[in-house]
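Undergrad: below are the sequence and a predicted model; questions follow.
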Amino acid sequence: MDAQPVGGLSEGLDARQLGERAVEAVIWGMPAVNYRMMLEAAVRDAKAEFNQLVYWSGLLDWKNQTLTPNPDVIYLMPFINTKDVGPVVLEIPPADEGAINGSVMNYWQAAIEDVGPAGVDKGEGGKYLILPPGHPDQAPDGYIAMPSDTYQGFALLRSVLQGGSDADVAQAVAYAKRIRLYPLSQAASPPPTAFVDASQVLFDAAIPYDLRFFRALDQMVQSEPWLERDRVMIDQLRTVGITRGQPFTPDPRTQELLEAAISEARAWLDAGYAAVFRPYYEGGHWALPADPELIESVGRSFQVPDTYPVDARGVTYSFAFFSAKHLGSGQFYLMTITDQDGNPLDGATAYRLRVPADAPVTQYWSATAYDRRTHTFIRNAPRLGRSSQSPGLLANADGSVDLLFGPAPPQGKEANWVPTRPDGQFEVLFRFYGPQKPLFDKTWQLPDITMQT
C-alpha cells in the first residue's frame with residue numbers, strides 16, 4: 001500500500017509528517033528489526049528453519065556480522081516460532097561438564113528469563129516451556145513456564161569454555177549439543193534436535209540503514225500481535241505505508257522520503273550512542289553500555305509505571321543484541337570508544353590496555369574490538385580480541401596483562417595483540433564472566449586505554 005496523505009494536509013506538510021514518523025518508527029522498531037536481521041541471516045546464510053538450533057562449531061571469527069558478539073564462547077541461537085506448533089520446549093543440561101549462560105527473548109529481544117547457573121535452573125538444568133501469546137501461563141509438571149507475548153523469539157545461549165585450548169573448545173561444543181529443542185506436542189518421544197552449523201558462512205545481520213529496515217519492520221507487523229503498549233504506533237506506521245494485512249509498496253517519492261528519514265535516524269542514533277558512555281569509574285572512560293532506565297524496564301518486562309524507554313532501547317539495539325533478565329548475575333560489560341584523553345579510538349594508532357591482576361571473575365575476562373561504524377567484528381580481522389583464556393597470553397611480573405591494539409602486531413608480544421583496521425575507528429567491549437563484588441564496589445578498576453608512544 002502506498003503511504004496515504006492525511007486528509008487536508010498540503011504536500012509539504014504531508015512529506016514532513018511522513019519523514020518525522022519514519023524516524024520515530026526506526027527508533028521504536030530497532031530491536032525487532034535487529035532480531036529480524038539475525039533470523040534472515042539464519043535462513044539465508046545458514047539455511048536454517050524455525051525451531052532448529054543455529055550454532056557455531058568453533059569460536060566466532062569476523063564472518064559473524066551480528067552486533068558486538070562474543071568471540072570467546074560457543075554460540076547457539078535457536079530461533080523459535082510457536083504460531084503453528086504451539087508451546088516449544090528448550091532443554092538446558094545441568095552444569096556438570098560445562099555451563100550454559102544465556103536468556104530466552106521475545107521478538108523485541110526483551111528477556112523472558114535467564115537460563116543456566118545464573119538463570120532459573122541455577123545450574124541444575126531444566127525444561128523451559130516457551131508459551132505463545134494468550135496461552136495459559138501454567139506449565140505441566142516438570143517444566144518451567146516462559147510465557148511470551150510474541151510468537152517468534154530466540155535464545156542466545158553461550159557454552160562457556162573452561163580454558164583456551166582446542167580441547168576446551170571441543171568440550172564446550174560437545175556440552176552444547178546436549179541442548180534439546182522440540183514442540184511440547186512431541187515431548188513423549190522428542191525428535192532429534194536439528195543443529196545447523198553457521199561457522200563457515202558470512203552471517204550478515206548488521207542493521208540496514210535503507211529501505212530494507214522498513215521491509216523488516218513490515219514483516220514484524222504482518223506476523224505478530226500488537227502489544228498494548230505499542231498500539232499508538234499503528235497510525236504512525238500507516239503514515240509510512242506499513243499496515244496489517246496490506247503489502248508494503250512505497251512509491252518512488254515515498255521511498256525517497258524514507259531513505260532520507262533513515263539517514264536522519266542513523267545520525268540521531270549515533271549521537272545517542274556517544275551519550276551512552278557515562279563513566280563507570282569517576283574520571284574514566286569505561287561505561288556500562290546501557291541506560292539504567294532500560295535495564296530496569298527489561299528486568300521488569302517493561303511493566304515499570306510511568307516509563308517506556310523507547311529512545312534508550314533504540315540506541316542500545318543499534319549496537320548490540322540480546323538482553324539479560326538479571327544483568328550482573330552471569331556477566332557484566334564495560335565499553336569504551338575513546339582513549340584516556342577522550343579521543344576516539346583510531347584504527348591506525350597503537351594503544352595499550354593494562355588489565356590489573358586479580359580480575360574479579362569466576363570464569364574469565366575478555367576484551368574485543370569492533371568496527372565503530374557498524375558495531376560488528378572488523379571485517380577480515382585475523383583475530384578479534386584477547387581473553388584471560390587466550391593461549392600464550394603474556395603477563396607482567398605483577399600479574400597484570402597488557403593488551404595491545406593496533407594495525408600491526410607488536411614484535412615479541414604478538415600473543416597480546418588485538419588487530420585494528422587503519423582506515424576507521426574502533427570500540428572495545430570488556431566482558432566479565434562470573435563477575436564478583438570488587439567489580440561492583442569498584443575496589444578493582446579497569447584503567448583507560450592509552451596511546452603507545
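TA: Sure, I can see it. Numbering: from 1, shown residues only.

Undergrad: following the lowest-mean-pLDDT helix or strand in the chain, which helix or strand shows up next?
TA: Across the helices and strands of the chain, mean confidence by mean pLDDT, DSSP states H and E is lowest for helix 292-299: a mean of 90. The helix or strand immediately downstream of helix 292-299 is helix 310-316, counting by DSSP states H and E.

Undergrad: quick one: contacts of that following helix?
TA: Helix 310-316 is contacted from outside by 26-28, 30-31, 269, 272-273, 276, 289-291, 293-294, 297, using Cβ atoms under 8 Å, 6 or more residues apart in numbering. C-betas here are computed from N, CA, C, even on glycine.

Undergrad: try stretch 322-329
TA: 103, 105, 109-114, 118-119, 156, 290, 295, 298-299, 330-331, 435, 440.

Undergrad: among these, which are located in helices?
TA: 295, 298-299, 440 (DSSP state H).

Undergrad: could you work out the most separated pair of those?
TA: Val298 and Phe440 (18.6 Å; Cβ to Cβ).

Undergrad: show me how the record splits the chain into domains.
TA: Per the record, the chain has its domains at 11-37+207-272, 46-201, 278-451, by automatic domain parsing.

Undergrad: the last one spans what distance, first to last residue?
TA: In other words, domain 278-451. Domain 278-451 has an end-to-end distance of 21 Å (Cα to Cα, to the nearest Å).

Undergrad: phi first, then psi, for the spatially most central residue of the chain.
TA: By Cα atoms, centre = their mean, the mean C-alpha position of the chain lies nearest to Phe321, the distance being 1.6 Å. Phe321 has phi and psi values of phi -130, psi 160 when expressed as degrees, to the nearest 10.

Undergrad: list the contacts of Ala216.
TA: If you count contacts by Cβ under 8 Å, 6+ apart, then Ala216 has 32-33, 36-37, 40, 208 around it.

Undergrad: now, of those residues, which are buried?
TA: Buried by 16 or more other Cβ atoms under 10 Å: 32-33, 36-37, 40, 208, out of the contacts of Ala216.

Undergrad: tell me, how many residues neighbour Ala206?
TA: As a burial measure, Ala206 scores 16 neighbours (other Cβ atoms under 10 Å).

Undergrad: for it, list the residues it contacts.
TA: 37, 65-67, 374-376.

Undergrad: any idea how far it is from Thr376?
TA: Taking Cβ to Cβ, to the nearest Å as the measure, Ala206 and Thr376 are separated by 5 Å.

Undergrad: same deal with Asp96?
TA: Taken as Cβ to Cβ, the span from Asp96 to Thr376 is 34 Å.

Undergrad: settle it for me: which of the two has more neighbours?
TA: Set Asp96 next to Thr376 and count neighbours by other Cβ under 10 Å: Thr376 wins out with 20 against 11.

Undergrad: pLDDT score for the nearest residue to the more buried one once chain neighbours are set aside?
TA: Closest residue to Thr376 apart from its sequence neighbours, by Cβ to Cβ, 6 or more residues apart in numbering: Gln65 at 4.6 Å. Predicted confidence (pLDDT) for Gln65: 98.

Undergrad: ok, how many other residues are close to Gln65?
TA: Gln65: 20 neighbours (other Cβ under 10 Å).

Undergrad: contact partners for it?
TA: Contacts of Gln65 by Cβ under 8 Å, 6+ apart are 41, 202-206, 374, 376-377, 379.

Undergrad: what's the answer for Tyr433, then?
TA: 101, 160, 330-331, 361-366.
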